[in-house]
Every structure is written in C-alpha cells, then in structure tokens.
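Novice: This is the structure alone, sequence omitted:
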C-alpha cells in the first residue's frame, strides 16, 4: 500500500481530506476533468491498465509542490493548493476506477456495485480465484480454512463465492449467519479450453444483457490459483496490459466423475385419454437427444390420467407405447408417480386434474383437501390428514397410492426386468414435492410472500387437538392467529418477526407438530413404495424455499413444513427419514444465484447458496444419493456452468457429486441448433469428457 501511495503522490493526511474535498466539487467540473483524464487512462477489452502519463503528471505535480514549500513549514500552510491537488488526484483515481469497473462489468460480467472501489475489485477477483474474503478484509485460500487467521471482527468465515461447499464441517446455524460474497460470472475465452469437442461456431456471445432475469437464486466458480491477476497491484508495470479474459477461465471438468444427464419430457406428452401425443415428432426429438449422448428421459405418470374415471380402473396404454419407444433407443427412464394435479403453477402448460372420482368425493367432503385459515380449499393434492382415513370409497389415501404403484409395477414388469427404469420418484405433495401447498398462486400468493399454514381441514385439526391434549394444553389446539396473509413479510407479523411467537412455547409446539405431520406422510408412502419397487431406486423431490432464508424465523420454510429456523436444522430429520427407506434426494434450485434476482426482491433476504449448502451436506453426511433438476429452463453457458459447479464441487475433498441431473425440459427452443450445441457441450462436461471451444 505504501508503494501505491508513493505512485500517486499521496499521504495519509491527504486521504483524510479526500472525502470532504470531493463533496465540495462541482459536478460539471468533475465531468469535464474526468473526460480529459479519460484520454490518458485506458482499460482495454482485456482489462489492461496503462497509466504512464498519469503517474508522470502526479510525480511532476508533487515535485512542483515540494519546491514551492519552504523548509520547516507545514504543508497545511497552503490549504488551497493542497485542496486543488487532492481534487485532481481524486478525479484521476475515479476516472481510472470507473474504467476498470466498466471493463469488468462488460467483459467479465462481474456483479459490482455502482460505487465500487478498488477494494471491491480486488475482493471480487480473490473470490473468483477461490479465496475466502472475510467482512474485515482478511483474505486466505479456501483450502486452508482449517488454519484461518483469528484476527478481525468476524468469528466465522464468509463462504467463498468460488466454493460450493466449505471444507470444514460447520454447523448450519453458524453457516446461515454468514453472508455470501459477490460472485462474478465470466465471459470465457474459449481459445484456452482443453479437449476435443469442436463445435462449428460459437453459439452466442455471453453478455450481461442476454442473461435471464427470471430466476429467483446458485452459481459459483471453481478454485483456481491462476485466476488472479498476474502479480499484485503494486507490481504491475505502467506499460503492462493485464489480460483478464485469459486468466479467468471456466473450470475444466475433463476426467471428473460421470454424472448421467436426463431430459424431462413435456408435461402433456400423454393426453387425458392416455394416448401418446405426436409419436413421430417425439421419436425424431429423442433420436436427436440420443445423438448427443444423453442417458435417458424423465416422464410424469399422472394419477389423474391412469385412474381417471373409477377406483382401481387403470389405463397405461400411452405410457406403454412411450416406454417401448425409449427402450428401442436404448435410453433409460426416470418416472415420477405424480399424485397431484398439473396446472396453475410456474411452468405448467397443460391442465391435468386429480381423478374425476376423487373430485366427486371432494365436492361432498372438501376436507380431503388442504385448507388455509380462511377456509379456502386447495384441490392440488390430498391432505395427509386422510392418509389413514377411509374416505376414498373405502380406502385410505396411502392405500390408493400403493394400489396405483403396485399396478404400475405389474404392468411394466418386463421393463423393470430389463433395467430400463433407473429411478422412480414419488410425488408426495404439490408439484410432486415433499411440502405443504403453502404458496398457491390460485389463492393470490406472489413471491416473496411468506405463505400460509395449510392445516385447517378437519382431519389435520383433529391431529392437532390430539397433540395438544397429549401436551396438556388443550387451548393450543388451534393454529396461530398472527401469521399475516399469503403475501406478508416476516417483520409484518407477530409470529415470524424477530423474537416472534415462532420461538415461544406455543410456536415451537405447533411447528414441531406441523413438520412432523409432513415427515409422517413421507414415511408412510415410502414404506409402501419400497415394497412396490423393490430393487429399483426410489427418490423424493425436495423444493428449495430460499426466500427469507437469511431471517431468524425462515418464515417461508416454516409454512412449507420445513422447521428450519436459524437455531435448528430442519433438514436433518428429512434426510434421516430418506435414509431409513434407502431413498435418494432430488433437490431443485441448485443452479440459482442470489445475485440473479430482480432488484425489487432484494428485501426478501434470500440465500439460495446457503440453503443449497445446508441441504446437500445434510444428505451427503448420511450418504444419501443426491440428484437434481433445474428450477427454470436455461440455454446459456453461464447457467450450465453453475449447474456443473454444483454437480461436481471442485473443492470437495471427499469427491462428492450428483448421482444424476435432469434437464427441464424438452422443447422446440432446446432443439434449435445453437441451443442444442450448447446443451451437447454441457452433457459432455457432465460426463467428464474433454471439451474444446473454437471462437467463431
């Protein structure tokens, strides 16, 4: 730092005056001088810096001031000249910094704040290289976190944006207290990639203007010691041009573990008559996907289609034809037993309700559906309050699910014998996910509302009354009345706010009961699924409820059934339940990044990186296979890179990685040539193959 101060002719006293002097400058004068100075300082496309003329001007100005200052007279005797010199120096600094920031934003896609300074730039580059930067500025390599310095005010390390999973075993509570660092995505220089895949041309030019702004959350770079600028800032020669684009490269996944890649078929590939829609067109698309070496496809097996008209009257015709087509192409199958309706949620482009006979029962007994505090019913799926209630034409809900799974197993026995099915995923709630339908769009919920508890049907209320009586507090047999509405924020409620009732005696009792009802439902269905699909991998899908994750209550997770406030690990119990039945985890949203979110939602205190870290480690700690799928459709390289970094964490010493990845979803847009080429490149890297890019 001393060397840098000498270059610019500064002193510690000058720096103290800088902030005050700059405030007194006239804005028009600043613009004029910045424009003139900009012709002397330039940051090129490669991020280089040439500042010989500016440094010479600084030194000449300093010499002139020293010659005019009498011996033994303090420099404070000439405040006006010193003030002008300070203004000039500060304007020159700002001109250089502005060009550095502009170059990094434009050519490196760094997410730097508008008024970032050189410290922010250095910190961003350090994090991109895989280093950890603490809030007090302490910096050290992520691989030596076990011996990190104890100096500074921070007691826990900030997670590096270039690291997916910290190497040390840190408690979830302490992890969530740590803010995530800035993460910059990089416009990669393909000339320096290694491997053998040579596309005809570069599909597109990645820029910040073409990135998707619809995602709500995790993308991070790999640990690369060569990603820093060559040498320190003080050692850069005045005439040296630093090529940032050749230093900040994407990670080379050649030789990494093989992760199978599946493609999710369209929701309406089977119509309501259980017929395969457009088999010829689908066959052509599957052949194209086979040519780029995908491992298989995923398809939803809709309860509302196969058992639509009468109990235990199953129709599998369309699925049988589809499975035969997939088998002929020598692809694998992932099947989702979808016991929920389709339509009304993000990405739903068809409407597939629950079976007609179930809807008829619901008209006379609406309590079979989830119900909110205002009495609104949600027919998206059945309440697990009836898991053991014989209200479905003499059968319980769990028996209905088991009968359907057993019929599927018998109907497609030959496919099971041939090993075509690589995984059977169980739909355990809305959108096929293990959670309560706490944020239904049809009831007016909008992101980032906390949602509402869904426990007011007569069957769940009966369970709550029983739990309250067992506890000895019968007056606790009602849900909380100070939780706000679907679109409330935590601080607007008495239950979810800091120090709110969620952490009181009643709050802990209610949340414990609410979350255990969710776990009991999963436990019951998995017990029977294990019998029906013995010898085949079964999986459960878990959603990423990431908004309000950085608050104490984690309100959105609480209403969804995940009892995961800042002082409790709510996912360990879920993983223990999956481990009990030998089930795998399918976790969504791993590719989403906090920095991708719209600025209007910045107050949601979301932390998808922290949530993903907690969930993945909770699963891996008990040796549960983890599969994943993207939450939103992507076609850009930077989005694929984020998925790759999550699928194969480069800094995980245990070598943990995803067991499979499913891409959402097959569409005409994916089949476009440039998008397909980028997807093929992604598949090769998932498979651990070498890839070489050639710039057009």
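Specialist: Received, thanks. As the structure is a computational prediction, the values presented were derived from the model and not from experiment.

Novice: who touches the helix or strand where residue 282 lies?
Specialist: Under the criterion of DSSP states H and E, residue 282 resides in helix 279-291. Residues from elsewhere that reach helix 279-291, judged by CB atoms under 8 Å, 6 or more residues apart in numbering: 263, 265, 269, 276, 297, 321-322, 325-326, 329-331, 666, 671, 676. For the C-beta atoms, the positions are set from N, CA and C on the backbone; glycine is no exception.

Novice: if you set the cut-off to 7 Å instead, what comes out?
Specialist: For helix 279-291, contacts defined as CB atoms under 7 Å, 6 or more residues apart in numbering pick out 263, 269, 321, 325, 329, 331, 666, 671.

Novice: Closest one of the residues you listed to residue 511?
Specialist: Residue 511 has its nearest neighbour among the contacts of helix 279-291 in residue 263, at 38.3 Å by CB to CB.

Novice: Quick check: neighbours of the strand or helix carrying the closest one in the sheet, parallel or antiparallel?
Specialist: Assigned by DSSP H and E, residue 263 belongs to strand 261-264. Partners of strand 261-264 in the sheet, by DSSP bridges, are strand 296-302 (parallel), strand 660-663 (parallel).

Novice: Using CSV, lay out these together with mean neighbour count and distance to residue 439.
Specialist: Compiled in CSV, the strands paired with strand 261-264 are given as follows (neighbours: other CB atoms under 10 Å; distance: least, CB to CB, whole Å):
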stretch, mean neighbour count, distance to residue 439
strand 296-302, 24, 21
strand 660-663, 25, 23
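
Novice: Using CSV, lay out those together with mean pLDDT and distance to residue 519.
Specialist: Compiled in CSV, the strands paired with strand 261-264 are given as follows (pLDDT from 0 to 100; distance: least, CB to CB, whole Å):
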stretch, mean pLDDT, distance to residue 519
strand 296-302, 98, 24
strand 660-663, 97, 25
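
Novice: In three-state terms, label residue 582 for me.
Specialist: coil (DSSP: H, G, I helix; E, B strand; the rest coil).

Novice: Show the pLDDT at it.
Specialist: If you check residue 582, the pLDDT there is 97.

Novice: Same question for residue 590.
Specialist: Reported pLDDT for residue 590: 74.

Novice: Using just helix, strand and coil, how would you label it?
Specialist: Relying on three-state DSSP, one would call residue 590 coil.

Novice: separation between residue 461 and residue 684?
Specialist: Shown here: residue 461 relative to residue 684, a distance of 54 Å by CB to CB, to the nearest Å.

Novice: out of those two, which sits in the busier spot?
Specialist: residue 684 (20 against 17; other CB atoms under 10 Å).

Novice: Surely the more buried one and residue 691 touch.
Specialist: Yes - contact criterion CB atoms under 7 Å: residue 684 and residue 691 qualify, at 5.3 Å.

Novice: Contacts made by the strand holding residue 263 with the rest, please.
Specialist: Applying CB under 7 Å, 6+ apart, the set of residues contacting strand 261-264 is 289, 294-298, 334, 629, 660-666, 683, 686.

Novice: Go ahead and confirm residue 310 touches residue 355.
Specialist: No - Residue 310 is beyond contact range of residue 355, at 8.5 Å (criterion: CB under 7 Å).

Novice: tell me the average confidence for the helix ranked longest in the chain?
Specialist: Longest helix in the chain by number of residues (criterion: DSSP state H): helix 79-108. Regarding helix 79-108, the rounded mean pLDDT is 77.

Novice: what packs against that helix?
Specialist: For helix 79-108, the packing partners by 3 or more CB pairs under 7 Å, 6 or more residues apart in numbering; DSSP states H and E come out as helix 12-23, helix 27-38, strand 42-43, helix 52-68, helix 118-128.

Novice: Return the distance of residue 624 relative to residue 576.
Specialist: For residue 624, the distance to residue 576 - CB to CB - is 10 Å.

Novice: Which residue of those two possesses the greater neighbour count?
Specialist: Comparing residue 624 with residue 576 by other CB under 10 Å, the one with more neighbours is residue 624, at 21 against 13.
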